[in-house]
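Undergrad: Structure of the sequence below:
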Amino acid sequence: MAFTGKYVLESRENYEEFLKALGIKYLKDPNNDEIITDIYQNDNFRLTKFLMDKTWNNTFRIGKETELETLDGETFKTTVTLDGGKLKITFPKYIYTAEVVGDKLVEVNTTDGVTNKMISKKMK
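TA: Numbering: from 1, shown residues only. This next block holds a predicted model:
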């Protein structure tokens with residue numbers, strides 16, 4: 001249950017560059033630049049992201065093929081893995097990994113030589 005919790009973004013590196021590499025237009029909203037990640041871990045995982053006015057939600061079981069949704073709404077099938085405490089999802093255009101380090105959620109997205117790292121702090 002190490003992942004279970006709600007996390008609020010503290011820092012990010014190469015976020016705009018990552019979205020650009022995926023062909024996703026980044027619209028900065030000066031009133032809401034906050035990203036919240038809500039994870040529930042049991043037999044299944046539920047991973048929900050709240051980005052500005054968009055909510056992105058995926059539910060999956062480790063080691064079982066499942067249908068997920070990308071940031072831009074495309075659905076695809078993949079098998080999510082958990083190795084050494086690190087969650088790994090291979091999306092069609094990028095690879096996502098996440099791990100909990102202390103009270104921080106460290107997420108790394110990689111595509112075509114662009115790596116985006118986001119660090120979020122667990123909310124109390």
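
Undergrad: Contacts for the lowest-mean-pLDDT helix or strand in the chain next, please.
TA: Ranking every helix and strand in the chain by mean pLDDT, DSSP states H and E puts helix 15-22 at the bottom, with a mean of 87. Under the contact criterion CB atoms under 8 Å, 6 or more residues apart in numbering, helix 15-22 has outside partners 25-26, 71-72, 93-94, 109, 111-112, 114-116, 118. Heads up, the C-betas are built off the backbone N, CA and C, glycines and all.

Undergrad: ok, now with 10 Å
TA: 9, 12, 14, 24-28, 35, 70-72, 91-94, 109-118 (CB atoms under 10 Å, 6 or more residues apart in numbering).

Undergrad: Can I get the buried part of these as one PyMOL selection?
TA: Buried residues among these (16 or more other CB atoms under 10 Å), as a PyMOL selection:
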select buried, resi 9+12+14+35+70+71+91+93+94+109+110+111+116+117+118
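
Undergrad: now, which of the contacts of helix 15-22 lie within strands?
TA: 9, 12, 35, 109, 110, 111, 114, 115, 116, 117, 118 (DSSP state E).

Undergrad: where's the closest residue to residue 61 other than its chain neighbours relative to residue 59, distance?
TA: Using CB to CB, 6 or more residues apart in numbering and skipping the chain neighbours, the partner closest in space to residue 61 is residue 44 (5.0 Å). Separation of residue 44 from residue 59 (CB to CB, to the nearest Å): 6 Å.

Undergrad: Now for those two: what residues contact both?
TA: Residues touching both residue 44 and residue 59 by CB under 10 Å, 6+ apart: residue 66.
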